[in-house]
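> Sequence unavailable; structure follows:
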C-alpha cells in the first residue's frame, strides 16, 4: 500500500505483479482506476480531473461523474423515500470516506452517515497476491431508527477510447434460460430495438456503438465481462447468484451505454448530443445484490470480484471459469493419422496450459503418453493450434487443463469426446 497522485488526486495504490489499483477516498471511496500493465480499464471523466467532491459542489442538479468504480444503494427512483434519488449524492457517491484499516494488499473504507437512506457504507478492497484479481466486500449498516430496505449496487464505468470503430468494445453476459423477461433481457432505457443488443446462443453481447441505453438481465451465470477486442483485454466482475431472492427491477446485472440518443428519465425527455468531447463515451457494468430489510443497527453485505486477463486479439468472451476465459471453444479433428486440436483462452493467473487425450480401444480407455504444455499468463492470450500423431482413427476424449503455478491446483477448462 502506497500513497500516490493520479490526475491531480491523492490516492492509495494497491498492486501486485499484474495490476495496480488506485483508490480515492475523497471521491466517494471509489476505485478511480484499474491499471493492467499500462492498460487502464476504467473511464475517468476529463471534465473533472483533479477536482474535489465537496458537498456544496456535488448537490442539487450537479453531478460530478468522476468515473471509476463505486457503490450505490438500489432501487433508484424519485417518487418516495424508499428509493435512492441519486446521482448526484453528496454523501455516498461524492463524500469523503474514512480509512479505518490499511494493509499491504488491502484497504477498508467507511462513508459518512447518509441521513436520507439511513446508511453508512463500509467497503473492504483486497488485491490478490497471486492473481490479477481484486476481492471486494461491501456492507450497508442501517444507522437510522427505522427499518430500511436496500440492495447493494456496485457500478464500474469502463473506458471507451473516443473515435474507435463500432463493436470494438463489448459487454458479454450469460442469459438465464428461465428468465422472467420475454427476450431473456429487458431494455430499460433507450431504443427498444437497440442494435447494440445482440443475443448469441446463451449469451447477450452488447456491442458498443455510441448509443445511449440501459439493459437489465436476471442472469444467474455469476459473471459479466467487458472486452476490448483490438487489444484483447478483458475485465470480469463475478458474483454469487442467490436463487429465490428478490432483486431490484428483477435484475442481477444492468449495463448502461453512454452515447448519442434520447431517453426518458426523471419525468423528462433528455437528448444527448452526438459529440464525444461534450458527451464522452463509456459503458457501465452494474451488479445488484438482493433487496433486503435492514433493521436499525443491523447490516447486509455483498461480495464480488474483479479480475482481468488477455485473450487473442479479435476474439470475444464465450465463457468465464474460475481461472480462465474461453475465447474460442475447443475443437478437434482426426484426419490423416493426426489428431488436430484448437482453442483460444485467457488466464487470471500464471500457470501451465496442458493438452492431453485419452484413447479408447476395444472398450478400454488408455491414458495418452503424450501431453502438450504451454506457459500461461494474464498478460497474453493463448491460442492452441497443435496436433498429436494418432495413426488409428481416433476414438476418445481430449482434455484442456490449467495448472496454477503457485498452488499447483488443476482446473479442467474443457473436454471433448470424439
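Here it is on my side, so go on. Values in this document were obtained by computation on a predicted structure and should not be read as measured data.

> what's the distance between the helix or strand that contains residue 139 and the middle of its chain?
Taking DSSP states H and E as the criterion, residue 139 maps to strand 133-142. Distance, stretch centre to chain centre, for strand 133-142: 15 Å (Cα atoms, centre = their mean, to the nearest Å).

> residues making contact with that strand?
Here strand 133-142 makes contact (Cβ atoms under 8 Å, 6 or more residues apart in numbering) with 19, 21, 34, 71, 73, 118-128, 148, 150, 152, 154, 294-308, 348-349. Any C-beta I mention is one placed from the backbone N, CA and C, and that applies to glycine too.

> tell me the average confidence for it?
Strand 133-142 shows a mean pLDDT of 98.

> Summarise which helices and strands the next helix or strand along the chain from it is packed against.
Toward the C-terminus, strand 133-142 is succeeded by strand 148-159 as the next helix or strand (DSSP H and E). Packing contacts for strand 148-159, counted by 3 or more Cβ pairs under 8 Å, 6 or more residues apart in numbering; DSSP states H and E, involve strand 69-74, strand 133-142, strand 233-239, strand 282-287, strand 292-294, strand 299-310.

> Apply 7 Å and report the result again.
Applying 3 or more Cβ pairs under 7 Å, 6 or more residues apart in numbering; DSSP states H and E, we find strand 148-159 packed against strand 69-74, strand 133-142, strand 282-287, strand 292-294, strand 299-310.

> buried set for that strand?
148, 150, 151, 152, 153, 154, 155, 156, 157, 158, 159 (16 or more other Cβ atoms under 10 Å).

> what pLDDT does the spatially closest residue to the second one that is not a sequence neighbour get?
What it means is residue 150. Nearest non-adjacent residue to residue 150, counting by Cβ to Cβ, 6 or more residues apart in numbering: residue 73, 4.7 Å away. Note for residue 73: predicted pLDDT of 98.

> Residue 111 versus residue 73, what's the distance?
Applying Cβ to Cβ, to the nearest Å, the value for residue 73 to residue 111 is 11 Å.

> how about residue 403, what does it touch?
If you count contacts by Cβ atoms under 7 Å, 6 or more residues apart in numbering, residue 403 has them with 351, 352, 354, 410.

> Filter those down to the ones in strands?
351, 352, 354, 410 (DSSP state E).

> which ones are touching the first one?
Residues touching residue 351, when contacts are defined by Cβ under 7 Å, 6+ apart, comprise 376, 402, 403, 404, 405.

> ok, those residues vs residue 67, which is closest?
Among the contacts of residue 351, residue 376 lies closest to residue 67 (Cβ to Cβ), at 31.3 Å.

> pretty sure the closest one is touching residue 355, no?
No. Residue 376 lies out of contact with residue 355 (Cβ atoms under 7 Å); the separation is 11.9 Å.

> So which of the two has more stuff around it?
When neighbours are counted by other Cβ atoms under 10 Å, residue 376 and residue 355 differ, and residue 376 comes out ahead with 26 against 22.

> Secondary structure element holding the more buried one?
Going by DSSP H and E, residue 376 is in strand 364-376.

> Could I get the pLDDT score of the nearest residue to residue 417 once chain neighbours are set aside?
In space, and not counting its chain neighbours, residue 417 is closest to residue 397: 4.7 Å by Cβ to Cβ, 6+ apart. pLDDT, residue 397: 87.

> from the middle of its chain, how far away would the helix or strand harbouring residue 397 be?
Assessed by DSSP H and E, residue 397 sits inside strand 396-404. Distance of strand 396-404 from its chain centroid, counting by Cα atoms, centre = their mean, is 26 Å.

> And stretch 267-280, by the same measure?
Its chain's C-alpha centre and that of stretch 267-280 lie 25 Å apart, by Cα atoms, centre = their mean.

> model confidence over that stretch, on average?
Stretch 267-280 comes out at a mean pLDDT of 91.

> pLDDT weak spots in the stretch 251-400 of the chain?
Filtered on pLDDT under 70, the stretch 251-400 of the chain yields the residue ranges 361-370, 391-393.

> residues contacting the residue nearest the centre of the chain?
Residue closest to the average C-alpha location in the chain (Cα atoms, centre = their mean): residue 237, at 2.8 Å. By Cβ under 7 Å, 6+ apart, the contact list for residue 237 reads 156, 223, 224, 285, 287, 304, 306.

> Ok, residue 259 next?
210, 211, 212, 281 are the contacts of residue 259 under Cβ under 7 Å, 6+ apart.

> change it to 6 Å
Listed by Cβ atoms under 6 Å, 6 or more residues apart in numbering, the contact partners of residue 259 are 210, 211, 212.

> That one and residue 40: what is the separation?
Taken as Cβ to Cβ, the span from residue 259 to residue 40 is 20 Å.

> next one: residue 67
10 Å.

> Those two - which one has more neighbours?
The neighbour comparison of residue 67 against residue 40 (other Cβ under 10 Å) goes to residue 67, with 25 against 15.

> Which residues does that one form beta bridges with?
Beta-bridge pairing for residue 67 (DSSP bridges): residue 44.

> just checking, it touches residue 46?
No. Shown here, residue 67 and residue 46 do not form a contact pair, counting by Cβ atoms under 6 Å, at 9.2 Å.

> Would you mind measuring from the nearest residue to residue 356 once chain neighbours are set aside to residue 355?
Leaving aside its sequence neighbours, residue 356 sits nearest to residue 371 (Cβ to Cβ, 6+ apart; 4.6 Å). For residue 371, the distance to residue 355 equals 7 Å [Cβ to Cβ].

> now swap in residue 252 and tell me
Residue 252 is 35 Å from residue 355, by Cβ to Cβ.

> ok, now residue 381?
16 Å.

> Show the residue spans covered by the strands in the stretch 51-200 of the chain.
Counting by DSSP state E, counting those that start in this stretch, the stretch 51-200 of the chain has these strands, from start to end: 69-74, 98-103, 106-110, 119-127, 133-142, 148-159, 169-174, 186-190, 197-200.

> Name the next helix or strand following the shortest one along the chain.
Remark: after strand 197-200, the chain's next helix or strand is strand 203-207, criterion DSSP H and E.

> Now that following strand: buried residues?
So, applying 16+ other Cβ under 10 Å, buried residues of strand 203-207: 203, 204, 205, 206, 207.

> Now which of the contacts of residue 403 would you call buried?
Applying 16+ other Cβ under 10 Å to the contacts of residue 403 flags 351, 354 as buried.

> ok, the contacts of residue 403 vs residue 337, which is closest?
residue 354 (23.0 Å).
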